[in-house]
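Trainee: Here's my sequence, what's the structure:
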Amino acid sequence: MRVSLRHFRLFIATAETGQFSKAAAALFTSQPVVTEAIKALEADIGVKLFRRHPKGVTLTYEGAIFLQHARGVLAAAEDAMQAPQLVRRDMVGELTLACTHTVAGYFLPPLLGRFRRLFPGVAVRLVELERSEIERGITAGEIELALCLVTPLEHSEQMEIDVLARSKRRLWLPANHALAERKSVALSEIRSEPYIVLTIDDAEETAIRFWREQRMAPNVIFRTTSMEAIRNLVATGFGVTILSDMVYRPWSLEGARLLAIPLADPVPSMDIGLVRLRGGELGPAAAAFANVCRQGHAGSLPLDFDDRS
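Mentor: Purely as a prediction, here's the structure:
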């Protein structure tokens with residue numbers, strides 16, 4: 001294979017920017033270099049990773065799958081370069097980490113993988129809880145450290161909160177929807193649309209709040225705890241929804257495409273952070289995990305998380 005880590009970086013930049021020229025500018029190289037790198041990747045893999053169109057490129061179904069693996073490759077490569085200086089085999093013990101459902105599925109795994117590579121002697125015990133249970137546990141001193149949605153926390157004055165990522169919420173539509181070509185959409189334009197509500201974590205509570213602030217209510221036709229059900233239903237035209245970029249994927253399990261469109265009205269981001277009791281001291285393992293979280297992993301966890309590719 002002719003593929004190198006540079007090919008992965010160029011591919012990721014293209015997926016994130018949607019244009020060869022923007023990817024080239026972001027990585028301080030030329031557009032022909034990016035174009036040739038993508039062609040080489042597609043030739044070696046044997047599938048098309050991007051669909052070309054006048055405005056730029058979008059990922060194919062195979063490209064969306066490859067993107068997740070490419071990010072993992074760069075994360076592992078960076079850890080391999082840092083490992084000789086950072087790995088702490090002398091640290092042993094157990095870390096109990098509380099987390100919410102969305103965090104466990106979409107945010108935690110890369111951080112947990114990096115922590116385990118850097119601190120192989122620390123056993124991690126994960127506990128999935130509702131955010132209200134995490135708040136009670138933190139304030140009661142029963143939970144040392146948690147990774148959860150932090151907007152809003154009812155008892156924030158009693159806790160230290162370290163925001164790690166802010167994920168914008170956007171309107172999810174099927175690719176053939178009448179509003180699909182719009183640069184932004186107002187809530188008033190979709191209030192009569194069949195609306196699907198996610199009921200895990202704070203998704204439903206937050207949705208009710210931002211609709212109510214605009215003195216409107218969505219036309220809710222279905223509530224579900226399943227993210228995959230929402231993707232499938234939106235992609236096939238059953239309804240629309242508003243969810244964050246962090247949980248967005250451009251394809252359903254059946255290979256139908258869906259889009260994420262910016263909203264014209266103010267809608268809060270989904271913020272994720274580390275939470276602990278204010279004034280309390282973390283043990284060595286918890287402090288080490290907190291540091292890994294703050295460092296992110298291979299630069300793929302920016303404070304403003306935009307993953308619409």
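Trainee: show me where pLDDT drops low in the stretch 101-250 of the chain?
Mentor: Under the criterion of pLDDT under 70, none of the stretch 101-250 of the chain is flagged as low confidence.
Trainee: Phi, psi for the closest residue to F107 other than its chain neighbours please.
Mentor: With Cβ to Cβ, 6 or more residues apart in numbering as the criterion, F107 has its nearest non-adjacent residue at 5.5 Å, and that residue is I272. (Glycine included, C-beta is placed from N, CA and C.) Phi and psi for I272, reported as degrees, to the nearest 10, are phi -120, psi 140.
Trainee: Could you report the separation of I272 from V163?
Mentor: The spacing between I272 and V163, counted by Cβ to Cβ, to the nearest Å, is 7 Å.
Trainee: Please apply the same query to R136.
Mentor: Relative to V163, R136 is positioned 21 Å away (criterion: Cβ to Cβ).
Trainee: Next one, pLDDT for the residue nearest to F107 please.
Mentor: I272 carries a pLDDT value of 92.
Trainee: what about it, distance to S244?
Mentor: Distance of I272 to S244, given as Cβ to Cβ: 10 Å.
Trainee: Give me the common contacts of the two.
Mentor: S167 (Cβ atoms under 8 Å, 6 or more residues apart in numbering).
Trainee: how about the helices in the stretch 201-309 of the chain?
Mentor: 203-213, 227-235, 284-295 (DSSP state H, counting those that start in this stretch).
Trainee: which one of these lies closest to L67?
Mentor: Nearest to L67 among the helices of the stretch 201-309 of the chain is helix 227-235 (15.9 Å), distances taken as Cβ to Cβ.
Trainee: buried ones in the closest one?
Mentor: Within helix 227-235, the residues that qualify as buried are M227, A229, I230, R231, N232, L233, V234, A235, counting by 16 or more other Cβ atoms under 10 Å.
Trainee: Unless I'm misreading it, the fourth one sits right up against L258, doesn't it?
Mentor: The reference is to R231. Yes: because the distance of 6.4 Å satisfies Cβ atoms under 8 Å, R231 is recorded as touching L258.
Trainee: any common contacting residues for these two?
Mentor: W251, S252.
Trainee: excluding its backbone neighbours, what's nearest the most centrally placed residue in the chain?
Mentor: Nearest residue to the geometric centre of the chain (Cα atoms, centre = their mean): M246, 2.6 Å. Nearest non-adjacent residue to M246, counting by Cβ to Cβ, 6+ apart: S167, 3.9 Å away.
Trainee: and if you look at Q214?
Mentor: Nearest to Q214 is L187, by Cβ to Cβ, 6+ apart, at 5.2 Å.
Trainee: Give me the residues contacting stretch 40-55.
Mentor: With Cβ under 8 Å, 6+ apart as the criterion, stretch 40-55 contacts 1-3, 7, 11, 14-15, 18-19, 38, 57-60, 62-63, 66.
Trainee: and if you look at stretch 200-208?
Mentor: Applying Cβ under 8 Å, 6+ apart, the contact partners of stretch 200-208 are 100-102, 130-131, 149, 151, 197-198, 218, 223, 225, 227, 242-243, 268, 270.
Trainee: Just the CA trace of it, in PDB.
Mentor: Listed in PDB are the C-alpha atoms of stretch 200-208, where the atom choice follows Å, rounded to 0.1, in the frame of the first residue of the first chain:
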ATOM      1  CA  ILE A 200     -32.200  10.000  26.500                       C
ATOM      2  CA  ASP A 201     -30.200  12.300  28.800                       C
ATOM      3  CA  ASP A 202     -31.500  15.800  28.500                       C
ATOM      4  CA  ALA A 203     -32.600  15.700  24.800                       C
ATOM      5  CA  GLU A 204     -36.300  16.000  25.300                       C
ATOM      6  CA  GLU A 205     -36.100  18.500  28.200                       C
ATOM      7  CA  THR A 206     -33.800  20.700  26.200                       C
ATOM      8  CA  ALA A 207     -36.000  20.500  23.000                       C
ATOM      9  CA  ILE A 208     -39.100  21.500  25.000                       C
END
